[in-house]
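A.B. asks: Okay, structure incoming, though there's no sequence with it:
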């Protein structure tokens, strides 16, 4: 991977592009040609290269891409004036459990409109400086992935429908272009606080939606329906349905499904439960429906997700 607006150094070198954006390219090159890329005279001094481990298996492509991305993120944690970063050959698997807790606190306090706790949770979630690890870039990548594939997906209507949120989401996604880690963290906080204000404005007239959300979080593993929750907050079914979608950006069933999926991903990441057990623990009574929905939302099967996570971490 590389961060530059010019890719002339690849001319004449056999390579395969995986992804290309403005000032950024992710590509595959053979081990024999790697040194030629690194030492190419057209390689600008301002360019940064993130290099993955070597593999002969195409099935490892997803892992190699993650490795090169993580390697590139090392630039935020070094004071040395170097621009070539390599993914380490051997290291201990990082423990992301505390990051998961802080991420869940962000989501919970967003839903409950608690600004003070949202700020605190974001600060803890993005506290990479105090991590006692030789690979802080792994934690940064984990946080980046949680935000771009979790938070953005959770509030799709707001992220794509609000110009300010959309522009901030692009800045967050394009982390490689951030000059400093502090700058990127500011983008994340701005995004989350603006999202919170939107949720607050929508909740002013309908505080029972917050009560409903809290009920969902506490009973998602049970056989609950919109009728169950509407009855709990003593609201008309049709009225509740309309106002829930207005405030949360998605309808009740979609919100419940996505929340259950988030919990399912946490269980799959632990690697201690079978797919059908995860489905049952998260409120899915039909395992086939769970597997189909999981693939639709995550681009891979639940089994593949659990296997991928255990391989990466």
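C.D. replies: Looks like it came in fine. Please read all numbers here as calculations on a predicted model, not as lab measurements.

A.B. asks: Strands of this structure, residue ranges please.
C.D. replies: Ranges of strands within the chain are 2-3, 16-21, 24-28, 48-51, 84-86, based on DSSP state E.

A.B. asks: so which of those strands gets nearest residue 214?
C.D. replies: For residue 214, the closest of the strands of the chain is strand 16-21, at 39.3 Å, according to Cβ to Cβ. Placement of C-beta: from N, CA and C, glycine included.

A.B. asks: Measure how that closest one sits relative to strand 24-28, angle-wise.
C.D. replies: Counting by axes from the mean of the first three to the mean of the last three Cα atoms, to 10 degrees, strand 16-21 lies at 170 degrees to strand 24-28.

A.B. asks: Quick check: residue 298 touching residue 305?
C.D. replies: Yes: counting by Cβ atoms under 8 Å, residue 305 is a contact partner of residue 298 at 6.0 Å.

A.B. asks: can you pull the contacts of residue 18?
C.D. replies: If you count contacts by Cβ atoms under 8 Å, 6 or more residues apart in numbering, residue 18 has them with 26, 27, 28, 61, 65.

A.B. asks: Pull the most distant pair out of these.
C.D. replies: Pairwise distances among the contacts of residue 18 were taken by Cβ to Cβ; the largest, 11.6 Å, belongs to 27 and 61.

A.B. asks: Just to check, residue 210 is in contact with residue 112?
C.D. replies: Yes: Residue 210 is in contact with residue 112 according to Cβ under 8 Å; the separation is 5.9 Å.

A.B. asks: low pLDDT regions in the stretch 201-313 of the chain?
C.D. replies: 203-205, 309-313 (pLDDT under 70).

A.B. asks: Equivalent analysis for the stretch 1-150 of the chain, please.
C.D. replies: For the stretch 1-150 of the chain, the stretches flagged by pLDDT under 70 are 1-7, 81-82, 90-91.

A.B. asks: how deep is residue 290 tucked in, by neighbour count?
C.D. replies: By the criterion of other Cβ atoms under 10 Å, residue 290 has 23 neighbours.

A.B. asks: Apologies, that question was intended for residue 138.
C.D. replies: Per other Cβ under 10 Å, the neighbour tally for residue 138 reads 25.

A.B. asks: That one: what's its closest spatial neighbour, skipping adjacent residues?
C.D. replies: Leaving aside its sequence neighbours, residue 138 sits nearest to residue 94 (Cβ to Cβ, 6 or more residues apart in numbering; 4.9 Å).

A.B. asks: Give me the distance between the one you found and residue 139.
C.D. replies: Going from residue 94 to residue 139 by Cβ to Cβ, to the nearest Å gives 6 Å.

A.B. asks: go on, residue 62?
C.D. replies: Residue 62 is 20 Å from residue 139, by Cβ to Cβ.

A.B. asks: For these two, indicate the residue with more neighbours.
C.D. replies: Here residue 62 and residue 139 are compared on neighbour count by other Cβ under 10 Å; more neighbours surround residue 139, at 23 against 13.
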